[in-house]
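Colleague: Have a look; sequence and predicted model below, questions after that.
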Amino acid sequence: MQDFLLTHYNWLKSIHLIAVIAWMAGMMYLPRLFIYHHQSKPGGEAAEYFKTMERRLLKGIMNPSMIAVWVFGILLLVAIPGYVSSAWFITKFLCVIGISGVHGFYAANAKKFAVDNRPRTEKFWRIINEVPFVLLILIVIMVIVKPF
């Protein structure tokens, strides 16, 4: 299996990166939808529209992309298992776990918005919107520069 994965390594890495881009786009857009949802009238037409947008973004783009990131990331790791002992990889992996946790937090809050709860504040969603981006910056530096 490792030979097969090494032969197709660039394809695996390409699919992994495409999934990362799709996932991060959703991770940065969903909190913006939460902000707009906060500003809409509860039970109003706009609020219902935001519920639909949030659900479709989460179920149609973010969840499948996150799954693909993990699946193809693991396949890349099976192809080159030596990365596991590298400090840059461990740092990257911890950041990916962090982003996955934020994803779960977003998903839990999307469920609250779906039943007309307004969790947190607009200011909170504006701040938390930056967390995935900061983690993504760290991940890119770890993968490209490998500073450790």
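Modeller: Looks like it came in fine.
Colleague: Quick check: which ranges of this structure have low pLDDT?
Modeller: Of all residues in the chain, none has pLDDT under 70.
Colleague: Can you name the element that comes right after the longest helix along the chain?
Modeller: Looking across the chain with DSSP state H, the single longest helix is helix 9-39. Heading C-terminal from helix 9-39, the first helix or strand you meet, by DSSP states H and E, is helix 45-57.
Colleague: Pull out the CA atoms of that following helix and give them to me as CSV.
Modeller: This file holds the C-alpha atoms of helix 45-57, laid out as CSV (Å, rounded to 0.1, in the frame of the first residue of the first chain):
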residue,chain,number,x,y,z
GLU,A,45,-37.4,36.0,6.4
ALA,A,46,-33.7,36.9,6.6
ALA,A,47,-33.2,34.7,9.7
GLU,A,48,-34.8,31.7,7.9
TYR,A,49,-32.5,32.4,4.9
PHE,A,50,-29.5,32.5,7.1
LYS,A,51,-30.5,29.2,8.7
THR,A,52,-30.6,27.6,5.3
MET,A,53,-27.3,29.1,4.3
GLU,A,54,-25.6,28.0,7.5
ARG,A,55,-26.9,24.4,7.2
ARG,A,56,-25.9,24.1,3.5
LEU,A,57,-22.5,25.5,4.1
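Colleague: All set, thanks.
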